[in-house]
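Enquirer: Take this sequence and fold it.
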Amino acid sequence: MEEKLRLYLRTMISNSGSDLHLKAGSQVRVRIQGILKVLGQDTLTADMMDKLAQEITTADQYEKLKTDRNLDFSYVLGSDNRFRVNFFFQMDGLSAVFRIIPVKILTIDELNLPAVIKTFTEIQRGLVLVTGVTGSGKSTTLAAILDKINREQKKHIITVEDPIEFVHKDRGCLINQRGIGPDAHSFTDALRAALREDPDIILIGEMRDLETIDIALHAANTGHLVFSTLHTLDAKETIDRIVGMFGNEEQNRIRMSLASVLEGVISQRLIPTKRGGRMAAIEILKKTARIEQLIAEGRDTEIPDALFDGKEIYGTQTFDQALLDILRRGEITEEKALEYATNPSDMKLKIQGVGKGAIVDPYADEKGMDAFDLKSDED
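Expert: Sure thing, here's the model as predicted:
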């Protein structure tokens, strides 16, 4: 079965896919440009999936899979390809997802990320979060940030991941990467230990639970720079999620702590482009006196307005501002801008030239028009 797996993975790579899906009782599928497509004619059986699991895991990992009913680990194909793997049980047997992890770490510029993200590499302490749904490029953005620090500074960086994704070589920095399972029992154990290991920077692969979040806030409060990810859609939801994970009696303390240490939130969504690929629309929260006050006072609903107003001065922006910029450049259609907008009705008005941040044609008066005609190529 492992030989078949390698064939599936090579086929996915040659077609610029991102994820391979294997499921007992179903055909093989790959995700290409965000869309799942059937690969070949094979229908995998429960026995085939169980055999594959035994072939590519250690005896301890296989036992853990049977006990926990799911398992995360890394898989290597040759010298150039690594994959983040999740095996899990479902009603027909085992399923698995293989997510490709590029060996080459792209820079912030190569990823076409907003230049303001570079300023997060210059922070000495605090908390910076990269958020978005699964597959939105959070790990890639974090790797680019960490790589810039590694090339330009002399720090001790500890990463705690499940599993380790991008592999960083020691350059200017000393980097210790710990994977849950092979190198540490849990995020909690690894993070508690990290505080005794003289780190300047701690990267947490994902803030999954209350205890991990509490330790991350404590680390940021005690002079460390902490990077992590959350599965949230935007900055406002990120703050709500963190505060809401704690009991009512703790929420005021957590809100005050978060207001003090939160230096930035980078929230990503991948948008289909006219050319057939995908590009990131990015909301950016950067700590300002106004943002700190809004978080401390529980006025989270006002955060999008603060991000909107801070675009020119601080480089902050909302998702809808990012979408409008991409739309202005002609890289996405009006339909996609409306589909992915946080507030579609407000986005439609802006496209029509109404309201703050609207798309306005500088020659509108001469044409007798209010705004650019930004229809898709097909219209």
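
Enquirer: List the buried residues in stretch 300-320.
Expert: Buried residues in stretch 300-320, counting neighbours by 16 or more other CB atoms under 10 Å, are found at 300, 303-304, 306-307, 310-311, 314, 316-320. Every C-beta, even on glycine, is put in place using the N, C-alpha and C of the backbone.

Enquirer: and that stretch, how far apart are its ends?
Expert: Stretch 300-320 has an end-to-end distance of 17 Å (CA to CA, to the nearest Å).

Enquirer: what about that stretch, average pLDDT?
Expert: The average pLDDT within stretch 300-320 is 95.

Enquirer: ok, now stretch 119-135?
Expert: Mean predicted lDDT for stretch 119-135 stands at 95.

Enquirer: So which bits of that stretch are buried?
Expert: Within stretch 119-135, judged by 16+ other CB under 10 Å, the buried ones are 120, 121, 123, 125, 126, 127, 128, 129, 130, 131, 132.

Enquirer: ditto for stretch 86-99
Expert: Buried, per 16+ other CB under 10 Å, within stretch 86-99: 87, 89, 93, 94, 95, 96, 97, 98, 99.

Enquirer: what's the first-to-last distance across that stretch?
Expert: Span of stretch 86-99 from end to end, CA to CA: 9 Å.

Enquirer: ok, residues contacting it?
Expert: Applying CB atoms under 8 Å, 6 or more residues apart in numbering, the contact partners of stretch 86-99 are 9, 12, 18-26, 45-46, 49-50, 52-53, 57, 65, 69-72, 75, 83-85, 135.

Enquirer: and those, which of them are in helices?
Expert: 9, 12, 46, 49, 50, 52, 53, 65 (DSSP state H).

Enquirer: Just the buried residues from those, in PyMOL please.
Expert: In PyMOL, this line selects whichever of these come out buried by 16+ other CB under 10 Å:
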select buried, resi 9+12+49+50+52+53+65
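
Enquirer: Now flag whichever of the buried residues of stretch 119-135 is closest to residue 164.
Expert: residue 130 (16.8 Å; CB to CB).

Enquirer: re the thing from before, tell me which two of the buried residues of stretch 119-135 sit farthest apart.
Expert: Distances among the buried residues of stretch 119-135 were taken as CB to CB; the most separated pair is 125 and 132, at 24.4 Å.

Enquirer: so where's this structure uncertain?
Expert: 355-379 (pLDDT under 70).

Enquirer: Could you tell me the phi and psi values at the spatially most central residue of the chain?
Expert: Nearest residue to the geometric centre of the chain (CA atoms, centre = their mean): residue 138, 1.9 Å. Dihedral pair for residue 138: phi -60, psi -50, per degrees, to the nearest 10.

Enquirer: Count the residues that sit near residue 180.
Expert: 19 (other CB atoms under 10 Å).

Enquirer: Name the nearest residue to it, sequence neighbours excluded.
Expert: The spatial neighbour of residue 180 that comes closest, neighbours along the chain excluded (CB to CB, 6 or more residues apart in numbering), is residue 162 at 3.8 Å.

Enquirer: Can you read off the backbone torsions of that neighbour?
Expert: According to degrees, to the nearest 10, residue 162 has phi -140, psi 90.

Enquirer: how near is the residue nearest to the centre of the chain to residue 282?
Expert: 11 Å (CB to CB, to the nearest Å).

Enquirer: Overlap in contacts, the two.
Expert: residue 268.

Enquirer: just the helices in the stretch 201-350 of the chain please.
Expert: For the stretch 201-350 of the chain, the helices defined by DSSP state H, counting those that start in this stretch cover 210-221, 235-244, 248-261, 289-296, 303-309, 311-314, 319-328, 334-340, 344-351.

Enquirer: how about those in TSV, adding distance to residue 38?
Expert: Listed next are the helices of the stretch 201-350 of the chain as TSV, based on distance: least, CB to CB, whole Å:
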stretch	distance to residue 38
helix 210-221	38
helix 235-244	34
helix 248-261	45
helix 289-296	46
helix 303-309	40
helix 311-314	43
helix 319-328	31
helix 334-340	25
helix 344-351	32
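
Enquirer: Residue 271 is nearest to which of those helices?
Expert: Of all the helices of the stretch 201-350 of the chain, helix 334-340 comes closest under CB to CB, at 5.3 Å.

Enquirer: quick one: the closest one to chain centroid distance?
Expert: 21 Å (CA atoms, centre = their mean, to the nearest Å).

Enquirer: do stretch 18-26 as well
Expert: The answer for stretch 18-26 is 22 Å, by CA atoms, centre = their mean.

Enquirer: Give me the contact list for that stretch.
Expert: 5, 8-9, 12, 28-32, 36, 39, 43-46, 48-49, 52, 83, 90, 92-100, 135.

Enquirer: Equivalent analysis for stretch 286-305, please.
Expert: Counting by CB under 8 Å, 6+ apart, 116, 119, 126, 234-236, 239-240, 255-256, 258-260, 262-264, 285, 306, 310, 314-316, 318, 342 sit against stretch 286-305.
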